[in-house]
Each structure stands twice: as structure tokens, then as C-alpha cells.
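Engineer: A predicted structure for the sequence below; I have some questions about it.
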Amino acid sequence: MDDITRQNTINRLKSVRGHLNGIINMLEDDRYCIDIIKQIQATQAALARTSEVILANHLDTCVTTAMQGDDAGERQRVMSEILEVFRTENRSKA
């Protein structure tokens, strides 16, 4: 991962950490449940966007390198990894 993407990802995760701290404060302050749920949903969306950034970087670097290489086993391994990520994502939505 290049330095700019890494820093962008770290900043996104720090923002998520701030959201989580805010949610904890909302719970401690006995705030309205729907407001808490909305904040949780916003945090989940921010994590999903962060995952997309990391996946895009992985596809652009590691996967591209493996697919252009001569090692068929490595190409298959990388494809299996990507498929497993999508399977895991689909299971979490079910």
C-alpha cells in the first residue's frame, strides 16, 4: 500500500474510532435508541467504505502483479482469496 493510501485509510479508521467513542457516550448518556442506531449505521457505512479502499488498492497492486506473473498457482491463490472475501461479505448480509 502506498503512503498516501495508507494515511487515507488510517484517517478513515480514526474517524470510525471517533464515531465509536461517540456511540459509547450516547449510550452512557442514555440517548434515544434510534439516534444510537443511526450512528451505528453511519459507522458501519464508514467501515464498508474503508474496506472498499483497501480492496481497490489490493486489486490494483497485489492481484494485478499476481495475474501478470507466470506462476499459475499464485494466480489461483489470489483468485481464491478474492472469492473468499466476497463469500464472507455475502454471508454477513444474509
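Structural biologist: Cool, the structure landed. All of these numbers come straight from a predicted model, not from anything done at the bench. Numbers count the residues shown, from 1 in each chain.
Engineer: now name the helix or strand holding residue 77.
Structural biologist: helix 72-93 (DSSP states H and E).
Engineer: then residue 34?
Structural biologist: Judged by DSSP H and E, residue 34 forms part of helix 33-58.
Engineer: go through that helix and flag the buried ones.
Structural biologist: 36, 39, 43, 46, 50, 57-58 (16 or more other Cβ atoms under 10 Å). C-beta here means a position set from N, CA and C on the backbone, and glycine is covered the same way.
Engineer: what separates it from the chain centre, distance-wise?
Structural biologist: The chain centre lies 8 Å from the centre of helix 33-58; the measure is Cα atoms, centre = their mean, to the nearest Å.
Engineer: how far off helix 72-93 does that helix point, in degrees?
Structural biologist: 170 degrees (axes from the mean of the first three to the mean of the last three Cα atoms, to 10 degrees).
Engineer: what packs against helix 33-58?
Structural biologist: Packing partners of helix 33-58 (3 or more Cβ pairs under 8 Å, 6 or more residues apart in numbering; DSSP states H and E): helix 3-28.
Engineer: ok, and for the helix it packs on, which residues are buried?
Structural biologist: Quick answer for helix 3-28 (16+ other Cβ under 10 Å): 9, 12, 16, 19, 23, 26.
Engineer: contacts made by the following helix or strand past the helix holding residue 34 with the rest, please.
Structural biologist: Proceeding N to C from helix 33-58, the next assigned helix or strand is helix 64-68, under DSSP H and E. Under the contact criterion Cβ atoms under 8 Å, 6 or more residues apart in numbering, helix 64-68 has outside partners 74-75, 77-78.
Engineer: mind giving me the ChimeraX select for those, buried ones only?
Structural biologist: Per 16+ other Cβ under 10 Å, the buried members of those correspond to this ChimeraX selection:
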select :78
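Engineer: which of the contacts of helix 64-68 lies closest to residue 32?
Structural biologist: residue 78 (46.1 Å; Cβ to Cβ).
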